[in-house]
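# Got a sequence here, can you model it:
(one chain, ligands or ions: 2)
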Amino acid sequence: MEKLLQVEDLHVSFKTHGGEVKAVRGVSFSLEKGETLAIVGESGCGKSVTARSIMRLIPEHVGKITKGKILFNGTDLVTLPEKEMRGLRGSQISMIFQDAMTSLNPTISIGEQIMEGIVRHQKLSRAEAKAQALEMLQLVGIANPERRLKQYLHEFSGGMRQRIMIAIALVCKPSILIADEPTTALDVTIQAQIIDLFKTIQQKTGVSIVIITHDLGVVAKIANKVNVMYAGQVVEAGTVREIFYQPQHPYTKGLLESMPRLDLDRDTPLAPIPGSPPDLFAPPAGCAFAARCQYALEVCRNHQPAYSSLGTTHQVACWLQDPRAQTVYPLQAAK
Ligand code: SF4
Ligand code: MG
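Ligands and ions are numbered 1, 2, ... in the order given. Purely as a prediction, here's the structure:
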């Protein structure tokens, strides 16, 4: 498959009063055409920051990409001039957010908001733009599109608003759609409908999707592959089957155990992971999960685990999978 997006050793830091927060610390992954990648992890693990970095939506006075490459069709977005980036944003790579209320304008009709992107990126007449807007509303499953185009945000339900966001994101036929917690604000039945909609759209348009979520149920339904992030790093990456059925990182296992499951008795207690993630002002020298990990070895506290390959698609950053732990550990202990 063709590599559409390749993120290599991405580092992103934020400036705060307390110092520099290293929010993303060496993230690498790739995305192929027509594929869906889910990025999962607790809040604050760097998943949204990674997504916003791809769109170059980190405000310069707040934070910046300090290292790494984001290759989109071979072009490095990290160094691309803002003017060219603006041309790409929305037309080639689009993003939708959790809350349609804060992303859509309540004072402009839905039709105008959908057409805005078309007019900005493609040189089309109003009639042509309107035809495309109608087509998009139909694609996202909104009935009576002709009438709906003239309506305003308050005339739509939460699920419908999210469909409109998706229509706006897709109107210029981008090759990548990034969705940051797209279903979190919705109730469960609507969530399922939106996830089905993503799948239908992908089948029809071939768009590649990066979905950011803390909901493993969503991941199971939609993704081909998964990056599990912890404290600004990808700790395990694999296909959906590998992550769900053969998780190797203690954090991935913990996430799966803390997830509500339909196949278990409703009364079976969930097992949350005790403790909290490390302070990213001063990330630990060793494995970031060591303080919460029941399997931690001495080596884990002082040395970052490297990635071990468990197959062509499955990687994990954990000393338990690295034979060198046996040799490094005694050396450490001898000091
Ligand atoms: Fe646990 Fe060590 Fe693996 Fe980190 S490297 S997850 S501390 S066993
Ligand atoms: Mg987030």
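
# my guess is residue 115 contacts residue 125, does it?
No - Residue 115 lies out of contact with residue 125 (C-beta atoms under 8 Å); the separation is 10.8 Å. In short, each C-beta sits where N, CA and C put it, glycine included.

# the more surrounded of the two?
Counted by other C-beta atoms under 10 Å, residue 115 and residue 125 do not tie: residue 115 has more neighbours, with 22 against 9.

# that's a strand at residue 30, yeah?
Yes - assignment of residue 30 by DSSP: H, G, I helix; E, B strand; the rest coil places it within a strand.

# Next, count neighbours for it.
Around residue 30 there are 15 residues (other C-beta under 10 Å).

# Check residue 92 too.
16.

# Quick one: residues contacting it.
Listed by C-beta atoms under 8 Å, 6 or more residues apart in numbering, the contact set of residue 92 reads 72, 172, 174-176.

# out of those, which one sits closest to ligand 1?
Nearest to ligand 1, judged by C-beta to the nearest ligand atom, of these is residue 176 at 30.8 Å.

# The protein against ligand 1: which residues are in contact?
249-250, 287, 289-290, 293, 295-297, 300, 305, 318-320 (C-beta under 6 Å from any ligand atom).

# If any of the residues you listed are buried, put those into a PyMOL selection.
A single PyMOL command selects the buried members of these (16 or more other C-beta atoms under 10 Å):
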select buried, resi 249+250+287+289+290+293+296+297+300+305+318+319+320
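
# Could you identify the most distant pair in the residues of the chain next to ligand 1?
Using C-beta to C-beta, the residues of the chain next to ligand 1 span at most 14.1 Å, a distance reached by 249 and 297.

# Now do the same for residue 70: helix, strand or coil?
Secondary structure state of residue 70, per three-state DSSP, is strand.

# Go ahead and confirm it touches residue 53.
Yes - the pair residue 70 / residue 53 is scored as a contact, 6.7 Å apart, by C-beta under 8 Å.

# Please enumerate the shared neighbours of the two.
With C-beta under 8 Å, 6+ apart as the test, residue 70 and residue 53 both reach residue 10.

# all strands of the chain, in order?
3-16, 19-32, 36-40, 63-72, 75-76, 93-96, 176-180, 208-213, 225-230, 233-239, 307-309, 315-317 (DSSP state E).

# what ranges do the helices span in this structure?
Using DSSP state H, the helices of the chain run over 47-54, 82-88, 100-103, 110-121, 126-139, 145-148, 158-170, 188-205, 216-222, 240-245, 250-257, 298-302, 324-334.

# Which parts of the first one count as buried, going by neighbours?
Okay, so that is helix 47-54. Buried-residue list, helix 47-54, by 16+ other C-beta under 10 Å: 47-54.

# before we move on, what about the longest one?
Neighbour-count burial for helix 188-205, counted by 16+ other C-beta under 10 Å, picks out 190-191, 194-195, 197-198, 201-202.

# Please identify which of those is nearest to residue 275.
Of these, the one sitting nearest to residue 275 (C-beta to C-beta) turns out to be residue 191, at 29.1 Å.

# for the residue nearest to residue 240 when sequence neighbours are not counted, what are its contacts?
Of all residues not flanking residue 240 in the chain, residue 223 sits nearest, at 5.3 Å (C-beta to C-beta, 6 or more residues apart in numbering). Neighbouring residues of residue 223 by C-beta under 8 Å, 6+ apart: 36-38, 211, 240.

# what's the spacing between residue 223 and residue 81?
Distance of residue 223 to residue 81, given as C-beta to C-beta, to the nearest Å: 33 Å.

# same check, this time on residue 315
For residue 315, the distance to residue 81 - C-beta to C-beta - is 33 Å.

# okay, those two: which has more neighbours?
Set residue 315 next to residue 81 and count neighbours by other C-beta under 10 Å: residue 315 wins out with 23 against 8.

# residues contacting the more buried one?
Taking C-beta under 8 Å, 6+ apart, we find residue 315 in contact with 236-238, 307-309.

# top of these by neighbour count?
residue 236 (28 neighbours).

# Can you check the pLDDT for the nearest residue to residue 55 once chain neighbours are set aside?
Spatial nearest neighbour of residue 55, chain neighbours left out: residue 95 (5.2 Å); criterion: C-beta to C-beta, 6+ apart. pLDDT, residue 95: 93.
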